[in-house]
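Asker: With the sequence up front, the predicted model follows.
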Amino acid sequence: MSFDFYKLLHFLGIFMVFSALGGQIVQSLNGGDAKQMPGRKWMAIFHGLGLLIVLVAGFGMIAKAGYGFPGWVIGKLVVWVALGGIGAVAARKRNLAVLIWVVVLLLGFIAAYLAHYKP
Ligand code: HEM
């Protein structure tokens with residue numbers, strides 16, 4: 001696969017992760033017993049599968065371009081781990097859900113910044 005195709009896959013994974021997190025946060029804001037909600041399963045599937053696609057496509061691009069392991073890549077891995085855990089925090093800390101939403105957006109911005117400018 002080409003670098004460009006990996007990048008498109010990377011974006012597909014990103015769309016899955018962020019749409020799932022949006023669902024998770026809205027559910028947290030609305031309240032109720034999350035275990036009773038049928039949409040929860042799909043949220044978990046798109047979140048998990050999206051994270052996997054983001055990671056595999058990210059490393060695909062690194063391999064194709066021969067970037068190695070510079071600081072910005074490590075920063076992106078930190079963002080990836082944070083986006084993996086933050087949905088569970090949103091589910092438990094309902095009073096912080098809006099703040100977590102903003103943090104999710106900032107994490108996306110940071111990840112894009114790191115990839116684009118490679119500081
Ligand atoms: C969910 C977290 C992530 C988000 C939101 C994200 C976002 C982005 C975005 C928006 C771009 C396009 C930048 C541009 O074309 O200017 C990009 C490119 C890239 N990302 Fe990620 N990314 C994430 C995680 C990762 C991870 C974990 C890795 C490494 C394993 C990674 C490696 C890369 C690479 C190598 C590029 C291409 C940079 C280039 O065009 O030279 N990303 N990412």
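Answerer: All right, it came through fine.

Asker: which SS class is the residue in the chain that the ligand sits nearest to?
Answerer: Using CB to the nearest ligand atom, the single residue of the chain nearest to the ligand is residue 58, 2.7 Å away. From N, CA and C alone the C-beta is placed, and that goes for glycine too. What DSSP: H, G, I helix; E, B strand; the rest coil gives for residue 58 is helix.

Asker: Give the burial count for residue 14, as a bare number.
Answerer: Counted by other CB atoms under 10 Å, the residues lying close to residue 14 total 20.

Asker: Does it lie in a helix or a strand, and which?
Answerer: helix 3-30 (DSSP states H and E).

Asker: Check whether that helix comes near the ligand.
Answerer: Yes - counting by CB under 6 Å from any ligand atom, contacts between helix 3-30 and the ligand involve 10, 14, 17.

Asker: wait, the last one sits on residue 82?
Answerer: Pointing back at residue 17 there. No - assessed by CB atoms under 8 Å, residue 17 is found out of contact with residue 82, at 11.2 Å.
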